[in-house]
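Engineer: sequence first, then the predicted structure, then my questions.
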Amino acid sequence: MTEAEIGIIGTTAETCPFDDGEDVVVDTPYGFPSGPVSIGEVGGKRVAFLARRGEDGQISPPRIPSRANVWALRELGVRRIVAPVVSGALSFDFDVGDMVVCDQYVDRTWGRDDTYYDGPGAVLVATARPFCDDLGETVLRVGGELGLPVLGGGTAVVTQGPRYSTTAESVSFRAMGWDLVNMVSYPESHLARELELCYANISLVTDHDVGIAGVGAVTTRNVARSLAESTGLLKQLLLGVVPEIGPQPDDECSNALGRARL
């Protein structure tokens, strides 16, 4: 089977950073992933790209087969994953079009298949630092060198969906000091940690959430328009980042299972 070094779980099929990739269908113990995995090359690196919600965006966020998606990338040899996600900002500290490398998340989902280790026994991986620091630092450095609106730090709250927040929910998220909101970072990032893979979040800001004073209701039309306008910048960032990603280091990600079993 064709292999790759680096994985990208994209917001849409249009964010794939290469053309004319080889599509590979991967069957996993958890079913099929969201769609075929496209294998191509960027800057001499073999890359596996998977559109998170399917090639046509047909999969609702709570129904994304995250276990199959992450497993399929690992099956193809991927050890390091870059994962852009569509996000709403919970303050005006972030502008529409900003790409934020979050370092924390808060899980507000329910009922999702969020572990590979559901018995017998318990496997509890450490997630105090849930995203890969080394990979995130690479994204930040390259974004700065390219003059792109890439910012570091921040906490993303992950909601169940498939709906936007109410005003009261958004206000409460802001009151908790959280920075961004999306529907997909969990369990995807946690599953990567369970497989000892590096995973970096890139939160692509498409809107300001409704809980900010003076902001109107979030609409899918506006989010889609903002995403389309930002796709070029995101692809530019991915094209710059991928060649700079080195082999997986001996870090918390690669050793996640070492002290996880009870």
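Structural biologist: Thanks, I have the structure now.

Engineer: show me the longest helix that occurs in the chain.
Structural biologist: helix 220-241 (DSSP state H).

Engineer: and it, what's its mean pLDDT?
Structural biologist: Helix 220-241 shows a mean pLDDT of 86 in the predicted model.

Engineer: CA atoms only: put that helix into PDB for me.
Structural biologist: Written as PDB, here are the backbone C-alpha positions of helix 220-241 (Å, rounded to 0.1, in the frame of the first residue of the first chain):
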ATOM      1  CA  THR A 220     -23.800  28.800   7.100                       C
ATOM      2  CA  ARG A 221     -23.800  31.100   4.100                       C
ATOM      3  CA  ASN A 222     -21.500  33.600   5.800                       C
ATOM      4  CA  VAL A 223     -19.200  30.800   7.200                       C
ATOM      5  CA  ALA A 224     -19.000  29.200   3.800                       C
ATOM      6  CA  ARG A 225     -18.100  32.500   2.100                       C
ATOM      7  CA  SER A 226     -15.400  33.200   4.700                       C
ATOM      8  CA  LEU A 227     -14.000  29.700   4.300                       C
ATOM      9  CA  ALA A 228     -13.800  30.100   0.500                       C
ATOM     10  CA  GLU A 229     -12.000  33.400   0.900                       C
ATOM     11  CA  SER A 230      -9.500  31.900   3.300                       C
ATOM     12  CA  THR A 231      -8.800  28.700   1.400                       C
ATOM     13  CA  GLY A 232      -6.000  30.300  -0.600                       C
ATOM     14  CA  LEU A 233      -4.200  31.500   2.500                       C
ATOM     15  CA  LEU A 234      -4.600  28.100   4.200                       C
ATOM     16  CA  LYS A 235      -3.200  26.300   1.200                       C
ATOM     17  CA  GLN A 236      -0.300  28.700   1.100                       C
ATOM     18  CA  LEU A 237       0.400  27.900   4.800                       C
ATOM     19  CA  LEU A 238       0.200  24.100   4.200                       C
ATOM     20  CA  LEU A 239       2.500  24.300   1.200                       C
ATOM     21  CA  GLY A 240       5.100  26.200   3.400                       C
ATOM     22  CA  VAL A 241       4.700  24.000   6.500                       C
END
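
Engineer: for that helix, packing partners?
Structural biologist: strand 80-89, strand 99-101, helix 133-145, strand 198-208 (3 or more Cβ pairs under 8 Å, 6 or more residues apart in numbering; DSSP states H and E). C-beta coordinates here come from the backbone N, C-alpha and C atoms, glycine included.

Engineer: adding mean neighbour count, mean pLDDT and distance to residue 191, write these out as a markdown table.
Structural biologist: Conversion of these to a markdown table gives the following (neighbours: other Cβ atoms under 10 Å; pLDDT from 0 to 100; distance: least, Cβ to Cβ, whole Å):
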| stretch | mean neighbour count | mean pLDDT | distance to residue 191 |
| --- | --- | --- | --- |
| strand 80-89 | 26 | 97 | 10 |
| strand 99-101 | 23 | 97 | 19 |
| helix 133-145 | 19 | 98 | 16 |
| strand 198-208 | 25 | 95 | 9 |
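
Engineer: distance to residue 226 added to the ones you listed, as JSON lines?
Structural biologist: JSON lines is the format used below for those (distance: least, Cβ to Cβ, whole Å):
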{"stretch": "strand 80-89", "distance to residue 226": "9"}
{"stretch": "strand 99-101", "distance to residue 226": "12"}
{"stretch": "helix 133-145", "distance to residue 226": "18"}
{"stretch": "strand 198-208", "distance to residue 226": "4"}
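
Engineer: which one of the ones you listed lies closest to residue 242?
Structural biologist: Residue 242 sits nearest to strand 80-89 of all the helices and strands packed on helix 220-241, at 7.6 Å, using Cβ to Cβ.

Engineer: that closest one relative to helix 133-145, how many degrees between them?
Structural biologist: 70 degrees (axes from the mean of the first three to the mean of the last three Cα atoms, to 10 degrees).

Engineer: dump strand 80-89 to PDB, restricted to CA.
Structural biologist: In PDB, the C-alpha atoms belonging to strand 80-89 read as follows (Å, rounded to 0.1, in the frame of the first residue of the first chain):
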ATOM      1  CA  ARG A  80       2.400  13.600  12.200                       C
ATOM      2  CA  ILE A  81      -1.000  15.200  11.400                       C
ATOM      3  CA  VAL A  82      -1.900  18.800  10.600                       C
ATOM      4  CA  ALA A  83      -5.600  19.500  11.100                       C
ATOM      5  CA  PRO A  84      -7.200  22.800  10.000                       C
ATOM      6  CA  VAL A  85     -10.700  23.200  11.500                       C
ATOM      7  CA  VAL A  86     -13.500  25.800  10.800                       C
ATOM      8  CA  SER A  87     -13.900  27.900  13.900                       C
ATOM      9  CA  GLY A  88     -15.800  30.800  15.300                       C
ATOM     10  CA  ALA A  89     -14.000  33.400  17.400                       C
END
